[in-house]
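> Model the following, please.
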Amino acid sequence: MASPPQVRSDVKLTRYVDPLPIPPVVRSTGKTDEVITIEMRQFQHRVHRDLPPTTLWGYNSSWPGPTIEAQSGQSLNINWVSKLPTTHLLPIDHSIHGAEASLPPVRNVAHLHGACALPEDDGYPEAWFTAHGEHGPRFNPRPSHYPNCQPSTTLWYHDHCLGITRLNVYAGLAGFYLIRDEAEKALNLPQGEFEIPLMLQDRLFHHDGSLFYPKVVNGPKEHPVWIQEFFGDMNCVNGKVMPFLEVEPRRYRLRILNASNSRFYHLRLFNSDANGNILNESYDVPSFQQIGTDGGLLPSPVELHYLLIAPAERFDIIVDFSDCAGKSFSLINDAPAPYTMGGQYLPEEVMLFKVGKLLSGKDSSAIPDTLVPFELLNPSFTTHERMLLVSERERSSDGYVIIGLLGNARWHEPITEDPKAGSTEIWSFVNITSDVHPLHVHLVQFQVLNRQSFDVLTYQQTGKLVFTGKPMAPESNERPARKDTIKSYPGYVTRVIMRFDLPHGTEVTPGQEFLYVWHCHILEHEDNEMMRPYKVIA
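Just a heads-up that it's a prediction; the model follows:
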C-alpha cells in the first residue's frame with residue numbers, strides 16, 4: 001500500500017496543561033420498560049486551554065457522550081434522538097456507496113458495540129434517520145432495546161451510518177456503555193472516583209479550534225474526498241488534548257478504549273517530572289494489570305508493561321500507584337501509523353499521571369488472583385469453518401488503495417455468511433494486504449484460537465493457502481478472553497471461534513433470518529466497502 005503524504009496542522013499546543021475530564025454518567029434504574037433518551041446535538045467544547053472552542057457533535061452535547069451504566073440481566077431501552085443541523089461539519093465523498101448526494105448529508109444511527117441485541121436494535125448501517133423524519137430502509141422507529149444479557153463488561157456506543165461513519169464518529173459521536181454484575185461487585189475492584197474511563201482518539205485542529213479532516217490533494221478520481229486512513233497529530237483523551245490526571249497513591253481501574261478512526265496505540269508508562277519530561281526509560285514504573293477485555297473480565301489478571309490496542313478494542317486495567325507518592329508518569333504511544341508500516345505522523349504524548357493527591361482514605365480495593373470462571377469454546381464442536389479473504393484493491397499507477405473488501409465482495413452483494421442460531425463456527429481471516437485490520441463481528445463475543453503465516457504471493461496466484469509457519473498461540477490477553485474485535489495481521493490467517501447465540505428469550509420460527517454485519521474497524525475502510533452483512537438463521 002502506498003502511504004499518502006503526511007498531513008499535519010501547524011497548531012502547536014502545550015502538553016499536559018488541561019485536567020482530564022470525566023464523562024457524565026447516566027445510570028439505569030432497573031425499572032421494567034425504562035426508556036432513556038439520548039440526544040445528538042451540535043455544541044461547542046474547548047479541547048485545549050490555548051484553542052478557541054471547537055464545534056462538535058455529541059450525545060447529550062458531550063464528547064465523549066455520557067457513560068451509560070446498566071445491570072446485567074436488566075434490559076434497557078434508549079431513545080436515540082437527533083437534534084443535529086442539516087449541514088455536515090465535514091466533507092462528504094459522494095462517490096462512496098451509501099453516501100450518495102441524493103441522501104440527506106446529516107443522518108445517524110447508533111450502534112452499541114459488543115452488545116448482544118436483535119438486528120432492529122443493533123444500529124444496522126441502513127437504519128439511519130434524520131432530525132426531520134427522513135430515514136433509511138431498515139429504520140427502527142421504536143427505542144432501541146438492549147437486553148444486557150451479558151456479564152459485566154466495557155462496551156461503547158458510536159454512530160454507524162453507512163458511508164459516513166468515519167465522519168460522524170470524528171465529529172464526536174461516541175461514548176462508553178458499562179454493564180455491571182454481582183460477580184464483578186464481589187471482587188472489590190477500585191470503584192467510584194477510582195474507576196476512570198479513558199477514550200483515546202487522535203485529531204487535527206485548525207487555529208480557530210475547528211476540526212480538521214483532510215481531503216485527498218489531487219486525489220484519485222475514484223474517490224476525490226475519501227482518504228484511505230486518518231491520522232491526527234494530537235492525542236485526545238476524553239475530549240481533551242494531552243490532559244493530565246492527578247491521582248492518589250492507590251490503585252486505579254482504567255477502562256481504556258481506542259475510539260480512533262485508524263490509529264493503533266502501543267502504550268507504555270515512563271518516569272517523568274511534573275511537566276511530563278521523561279526522566280529515563282526504566283521499567284521501574286507501575287505495571288498494567290489487565291483484568292478485562294472487549295467482552296468482560298478475564299479468568300485472572302495478566303501483568304503487562306505495554307498495551308497494544310487497535311481501534312475499537314477495550315482494555316480494562318488496574319494500575320497501582322500506592323508506592324508512587326510525588327511521582328509522575330507519562331503515558332506514551334510509539335505505534336507506527338499505519339500499523340505496522342509507518343509513514344504517517346506519530347504523536348507520542350497521550351496523557352500524564354501525577355501522583356500528587358493526598359490519600360483520601362485507606363485503599364481497601366484488591367487485585368484478585370482469580371477473577372471469574374471462563375468457558376472455552378471447543379473447536380471440535382464447530383459446525384463450520386469459513387475462510388474469509390481480507391483484501392484491498394490498489395491503483396496500478398501508484399499503489400494507492402481505492403477500496404477494501406471482505407470475502408472479496410462489496411456491501412450490496414449477496415450474503416455469503418449464514419450461521420445457524422446457536423451454532424459454533426470458526427472464522428479464519430486470510431489477510432493478503434499490508435495493513436493490520438481490526439475486524440469486528442456484531443452480536444457475538446468470540447475467542448481467538450491462533451494465527452498462522454502463509455505465502456501471500458502463492459495465494460494471490462493460485463488461491464491456495466500454503467502455510468509458512470506453525471500456528472502461533474494468541475497473545476496472553478487474547479485467550480482465554482472474550483473479544484469482539486481482533487487484529488488481523490498481514491500475511492497471516494487469524495482464527496476465531498464463536499457461538500451465534502441470539503439474545504436470551506428470543507422467540508424464533510424455523511428459517512427466520514436475523515441480519516447483522518461484520519467489518520474492519522478502521523473507519524475509513526469500513527466506509528469504503530470493507531463491511532459485509534451476514535445473517536443468523538433460526
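
> In contact with Met242, which residues?
Contact analysis of Met242 by C-beta atoms under 8 Å, 6 or more residues apart in numbering lists 13, 15-16, 18, 48, 234-236, 349-352. Backbone N, C-alpha and C define where each C-beta goes, glycine included.

> What are the structural domain limits within this structure?
25-183, 194-354, 379-537 (automatic domain parsing).

> In JSON lines: these, plus distance to Ser360 and mean pLDDT.
JSON lines is the format used below for those (distance: least, C-beta to C-beta, whole Å; pLDDT from 0 to 100):
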{"stretch": "domain 25-183", "distance to Ser360": "20", "mean pLDDT": "97"}
{"stretch": "domain 194-354", "distance to Ser360": "6", "mean pLDDT": "96"}
{"stretch": "domain 379-537", "distance to Ser360": "31", "mean pLDDT": "96"}
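
> I'd like to know which of those lies nearest to Asp369.
domain 194-354 (6.3 Å; C-beta to C-beta).

> What is the end-to-end distance of stretch 466-474?
Counting by C-alpha to C-alpha, to the nearest Å, you get 21 Å between the two ends of stretch 466-474.

> quick one: contacts of that stretch?
Stretch 466-474 is contacted from outside by 448-455, 458-459, 479, 493, 495, using C-beta under 8 Å, 6+ apart.

> Widest-spaced pair of those residues?
The two members of the contacts of stretch 466-474 with the most space between them (C-beta to C-beta) are Thr458 and Arg479, at 28.5 Å.

> And the two? Which one has more around it.
Each of Thr458 and Arg479 has its neighbours counted (other C-beta atoms under 10 Å); Arg479 has more, 19 against 13.

> now the strands for the stretch 1-150 of the chain?
Secondary structure of the stretch 1-150 of the chain, counting by DSSP state E, counting those that start in this stretch: strands at 25-27, 35-45, 54-59, 67-71, 76-82, 110-113, 144-146.

> Partner strands of the fifth one and their direction?
Strand 76-82 pairs in its sheet with strand 35-45 (parallel), strand 144-146 (antiparallel), by DSSP bridges.

> Same check on the first one?
Strand 25-27 sits in its sheet next to strand 67-71 (parallel), going by DSSP bridges.

> Return the angle between stretch directions for the strand it pairs with and strand 54-59.
For strand 67-71 against strand 54-59, the angle by axes from the mean of the first three to the mean of the last three C-alpha atoms, to 10 degrees is 10 degrees.

> Export strand 67-71 to PDB, keeping only CA atoms.
Taking C-alpha atoms only, strand 67-71 is exported to PDB below (Å, rounded to 0.1, in the frame of the first residue of the first chain):
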ATOM      1  CA  THR A  67     -21.200   6.900  30.200                       C
ATOM      2  CA  ILE A  68     -24.300   4.700  30.300                       C
ATOM      3  CA  GLU A  69     -24.400   2.100  33.200                       C
ATOM      4  CA  ALA A  70     -26.600  -0.900  33.100                       C
ATOM      5  CA  GLN A  71     -27.100  -4.000  35.200                       C
END
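
> List the contacts of that strand.
By C-beta under 8 Å, 6+ apart, strand 67-71 touches 23-28, 30, 36, 38, 76, 78, 146, 148, 157, 175-181, 197.
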